[in-house]
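> How does the following fold in three dimensions:
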Amino acid sequence: MQLILTKLMWSTLMVTGLVGSIVGFVLPIIPGIPFMILMIYSLKKLSPAFHRWLSRTWLAEWLKKYQPKLAKWLVS
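Okay, here's the model as predicted:
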């Protein structure tokens, strides 16, 4: 039961991040990047397979090179 509630919480945060990032990129008043970070972090916690895939992409390599603190938080 606790596992289901945990997955539901991470799923809700992921959907909130997705909607917030879309709204943030459409409206210049709301920043979209923090919502995108929330979405990626929630999806990382929700799916270990996604985390493995994310750590092998070119975007992860770029983050490790130019934004090491953010990469450590998101990819590692």
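
> Show the backbone phi and psi for residue 56.
The phi and psi torsions at residue 56 (degrees, to the nearest 10) take the values phi -100, psi 0.

> And it, how far from residue 64?
Computed as Cβ to Cβ, to the nearest Å, the residue 56 to residue 64 distance reads 12 Å. Every residue, glycine included, has its C-beta placed from N, CA and C.

> more neighbours, those two?
Using other Cβ atoms under 10 Å as the criterion, residue 56 and residue 64 rank with residue 64 on top: 15 against 10.

> what does whichever strand or helix holds that one rub up against?
Assigned by DSSP states H and E, residue 64 belongs to helix 58-66. Identification of contacts with helix 58-66 by Cβ atoms under 8 Å, 6 or more residues apart in numbering yields 54, 70-71, 74-75.

> Ignoring the adjacent residues along the chain, who's closest to residue 71?
residue 63 (3.7 Å; Cβ to Cβ, 6 or more residues apart in numbering).

> What's the local residue count around the one you found?
So residue 63, with other Cβ under 10 Å, has 19 neighbours.

> ok, now residue 52?
Neighbour tally, residue 52, other Cβ under 10 Å: 10.

> could you pull out the helices for this protein?
All helices of the chain, identified by DSSP state H, fall at 2-26, 33-46, 48-55, 58-66, 68-74.

> Mind putting the ones you listed into TSV with mean pLDDT?
Below are these laid out as TSV (pLDDT from 0 to 100):
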stretch	mean pLDDT
helix 2-26	91
helix 33-46	87
helix 48-55	82
helix 58-66	85
helix 68-74	77
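
> Tell me which of those helices sits most buried.
Highest mean neighbour count among the helices of the chain (mean count of other Cβ atoms under 10 Å): helix 33-46, with a mean of 17.

> angle of it against helix 48-55?
Taking axes from the mean of the first three to the mean of the last three Cα atoms, to 10 degrees, one finds helix 33-46 and helix 48-55 inclined to each other by 130 degrees.
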